[in-house]
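[1] Generate coordinates for the sequence data below:
(chains A and B)
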Amino acid sequence: MGREAILTVENMYKSFGITKALVNVSLELRRGEIRGLIGENGSGKSTVSSIVAGVQKCDDGKMMYLGKQYKPDNMVDAQSQGVSMVVQEMGTIPGIRVADNIFIGKEARFKKGMTVRRKAMYAEAKKILTKIGIHDIAPDCSIDTLNFEAKKLVEIARAMYDEPEILIIDETTTALSQRGRDIVYKIMKQLQKENKSVLFISHDLDELMQVCDAITVLRDGHIIDTLTREQMDVDVMRSLMVGRELEGDYYRSDYDGSYSDEVVMEVNRVTAKTVLENFSLELHRGEILGIGGLSDCGMHELGRIMFGVEKTLTGYVKLMKDNVEITDPRVAINHKIGYVSKNRDQEALMLQASINDNVVLPSLDIIKKFETITKKNEHKLTEKQIEVMSIKCTGPEQLVSDLSGGNKQKVVFGKWLGNESDILILDCPTRGIDVGVKAAMYQLIYRFKKEGKAIVMISEEMSELIGMSDRILIIKDGLLSGAFTRSKKLSEMDIIKTMI
Amino acid sequence: MSRLKKYINNVNPSTAIPFAGLVLVIVFFTVISGGKLLMRSNLIIIMNQVFTTLVVSMGAVFLYAHGGVDFSLGSVMALAGLLGAMAVRVTGNILLVLPVCIIVAVICCMTTGFITLAIGIPAFVGSMAMDYIAAGLVTSLVNAQGISVPEVLYTADSWTIKIITLVVLIAIMVWTFEYTRVGKYNKAIGANPVAAHHNGINTTKYRFIAYILCGFATGVAGFFSLCRTGSVSSTTGNGLAMDVMTALVLGALPLSGGPKAKMRCAIIGAVIVALITNGLVISGVNASYTEGVRGIIFLVVVYFSHTRKKEDLYD
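    Take a look at the predicted model:
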């Protein structure tokens, strides 16, 4: 260490509505350093890195880069100054070729008169792919013919083309096989050798310990600590991430894993439009069934199919008690199934409506008297849910858009509790929720189990699946690739092996 | 004084602004017209203007609540009145007029609904097509035979009957919109159609019901328009669709629909629109300018309601 700083972040603040994403964050990245960034979801690590990469702007604070004030207008501006990022989500543009993806927005370099010299572009793409150690992707093939991993590698090639001074890798490796990971590690080492820097965000603590020179821990928008190589330890990092006060009963504490033999719902050889193929499962009363896999493995699709939002091509989803097939959300709701969507703001809530309007929406059939729905009856239901879910608000008429992510999610849960649902399909139920509310959510889900409800929990977070589920099913490319039962010995590595 | 301040702070701006607008319009045109606005004879003219716009607007609220729009209501009203008049000419049965008016308007609006919901053509295009179709039918039918109605129909143009109709209609519409699933689901669809579907709402069905209610209201308005003027011409209902839209916007109903849509938007908005239309005329503004002035007012109001929504989004 002891080298000069390439980037410093000073007293950075960022809020989304009333949610404080970053509070007084200061950070120093040195030349030739590989810095790990860890924290729970919503801890602010992606927010920091996206501000550095120019995706969004901070509310307050400043950045110094190469000794000068640094304030990128957007991602392209940051790139041209030497800061590139590979994002967590899919960042390639479908429908065009690999080379077009690598040189998107930079086609002018291959301009000749009014046209783009495609051959030169392909040659250049081939060169950059070879340079980072990828030999089996043809630059002129369509990006759609590549699988998830290859697309990620193309993104990395794109980021590397500009020879960045700082490369930000945001939770990319979780989706990669060992070969893909090795390529990424090699690139990181190479940059280090060239006296450049890497900001590396990952959930995989073992991986971070292997490659990073230092690891910074974030929690609820605060920097908690920065660990040097000698200080790194998985248990230390985990307790720093979660916060000591939550230890012990963050997830459920028992390793019982038992549930009733009674099957309440059956997915029978379902094939869906995109990935899911001939998939079957049985859900039991009093069971928390975890579903895991990579983002596009078909697990989110499975949730939508179980609620009837998406249609099956073949196969069916059947509710045992009433012997009815789920073909539409209306059928699902009438038979006491609730669904928490992964895209809360787009699919589950009316943001410009009040808490009350949202909570009562699926229950209007229940609370109507002589076809009439009065505010009084609505508020009775809503106030009960505000109390049960302990939603932080000024009252039932407050707009949902004013609430924090965690409280919004509580409104969604309250909707299905008010509706007295027996089966809950939760798709990423703790996505973008701060740690405190997350713990409360886990307690709530555990209580549902004790009450005899059946719960499907679809999640991209391994720790959450291991911590909460009685049974875990892992999906890979639309097929079942692993099944685990609740056990103290179950580790994230066991599961990840079946995912990729 | 501080209590007054506190009270003002507690008033919901979306409720207060239309009322403030109403007071402003009354004061402005009373002064400009030298008091003519509030004269008895003029008030009756205003009330007649309010009646048609208000009745149609109350039906249209259901459409606008789910994010719909309808440009055909003027022509549909004219066609409904025309076919009602023809029904009585052919059969001689006076009792047929009202049902025929309502049925014709409902069928027209259901057709627009079908074009929008089943075929998937955007509502504004579909309703414009309906506007041309209905207007074309009116023109050709009026030309073919002069339309006159039996004198007995004029007796329906009494304020006793009209006020009773209005009170009953307001009661039904407020109840349907604010206290039943029909209104609440249409607002939910306007707020977020995907979430509405995920909450088990049959979005096609409830949007279609909105078209039926809109047609019903337009048919009733067509009947009373026929009773008042005794005839239908190719100018009957001209500008009504725009008046309705202006009324709803002036009543603070967001054009995107959603939970902020209220039945009172139609009521207060219809009164403001009638006052502006009438106020411009009695203030001596050249008739050829009034249309333009109304267009500008419409634009200004939409601009303000639009920017307000944008801020909401960025919160």
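[2] which bits of the stretch 201-350 of chain A sit near chain B?
    A:307, A:309, A:329-330, A:332-334, A:339, A:341, A:346-350 (CB under 8 Å from any CB of the partner chain). Any C-beta I mention is one placed from the backbone N, CA and C, and that applies to glycine too.
[3] Please repeat the previous calculation with a cut-off of 10 Å.
    Neighbours of chain B within the stretch 201-350 of chain A, by CB under 10 Å from any CB of the partner chain: A:304, A:307-309, A:328-334, A:337, A:339-341, A:343-350.
[4] Pull out the buried residues from the residues you listed.
    Neighbour counting with 16 or more other CB atoms under 10 Å in any protein chain shown marks A:304, A:307-309, A:328-333, A:337, A:339-341, A:344-345, A:347-350 as buried within these.
[5] Restricted to strands, list these.
    A:337, A:339-340 (DSSP state E).
[6] Pipe these into JSON lines and attach pLDDT and distance to A:Ile34 per row.
    Formatted as JSON lines, these follow (pLDDT from 0 to 100; distance: CB to CB, whole Å):
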{"residue": "A:Ile337", "pLDDT": "92", "distance to A:Ile34": "46"}
{"residue": "A:Tyr339", "pLDDT": "94", "distance to A:Ile34": "41"}
{"residue": "A:Val340", "pLDDT": "92", "distance to A:Ile34": "37"}
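[7] nearest to B:Val174, of those residues?
    Ranked by distance to B:Val174 (CB to CB), those are led by A:Tyr339 at 33.0 Å.
[8] quick one: low-confidence parts of the chain?
    Going with chain A. In the predicted model, chain A carries pLDDT under 70 at residues A:1-2, A:17-19, A:41-42, A:88-90, A:174-175, A:243-249, A:432, A:434-436.
[9] Wait, chain B was what I had in mind.
    In chain B, residues with pLDDT under 70: B:1-14, B:144-146, B:304-315.
[10] at 80 instead, please
    In the prediction, chain B carries residues with pLDDT under 80 at positions B:1-17, B:143-152, B:287, B:301-315.
[11] Show me which residues of it sit near chain A.
    B:12, B:175-176, B:178-185, B:187-202, B:254, B:256, B:258-260, B:309, B:312-315.
[12] So among those, which ones count as buried?
    Among the residues of chain B next to chain A, the ones that count as buried by 16+ other CB under 10 Å are B:176, B:178-179, B:181-185, B:187-193, B:195-201, B:254, B:256, B:258-260.
[13] tell me which element residue 183 is part of?
    Let's take chain A. Element membership for A:Ile183, per DSSP states H and E: helix A:178-193.
[14] wrong chain, I was asking about chain B
    Taking DSSP H and E as the criterion, B:Gly183 maps to helix B:181-191.
[15] go on, A:Ser253?
    Here A:Ser253 is assigned to no helix or strand, by DSSP H and E.
[16] ok, the closest residue to B:Ala80 other than its chain neighbours to B:Ile267 distance?
    Nearest non-adjacent residue to B:Ala80, counting by CB to CB, 6 or more residues apart in numbering or on different chains: B:Gly222, 3.5 Å away. Distance, B:Gly222 to B:Ile267, by CB to CB, to the nearest Å: 20 Å.
[17] Between those two, which is the more surrounded one?
    Neighbour totals were compared for B:Gly222 and B:Ile267, and B:Gly222 leads with 34 against 21 (other CB atoms under 10 Å in any protein chain shown).
[18] Assign a three-state SS to that one, would you?
    helix (DSSP: H, G, I helix; E, B strand; the rest coil).
[19] now swap in A:Leu426 and tell me
    Three-state call for A:Leu426 (three-state DSSP): strand.
[20] what about the residue nearest the centre of chain B, distance to A:Met493?
    Residue closest to the average C-alpha location in chain B (CA atoms, centre = their mean): B:Ser57, at 2.2 Å. Using CB to CB, B:Ser57 is found at 65 Å from A:Met493.
[21] which residues of the stretch 101-250 of chain B fall in helices?
    B:123-144, B:159-179, B:181-191, B:193-198, B:203-229, B:240-250 (DSSP state H, counting those that start in this stretch).
[22] How many neighbouring residues does B:Thr246 have?
    Neighbourhood size, B:Thr246 [other CB under 10 Å]: 26.
[23] before we move on, what about B:Val149?
    If we define neighbours as other CB under 10 Å, then B:Val149 has 21 of them.
[24] if we can go back for a sec, enumerate the positions of the helix holding A:Ile183 that are buried.
    So for helix A:178-193, counting by 16+ other CB under 10 Å, buried means A:180-181, A:183-185, A:187-188, A:191-192.
[25] and what of stretch A:66-74?
    The neighbour-count check on stretch A:66-74 (16+ other CB under 10 Å) flags A:70, A:72 as buried.
[26] How about stretch A:485-500?
    Quick answer for stretch A:485-500 (16+ other CB under 10 Å): A:486, A:490, A:492, A:494-496, A:498-500.
[27] same deal with stretch B:60-69?
    B:60-69.
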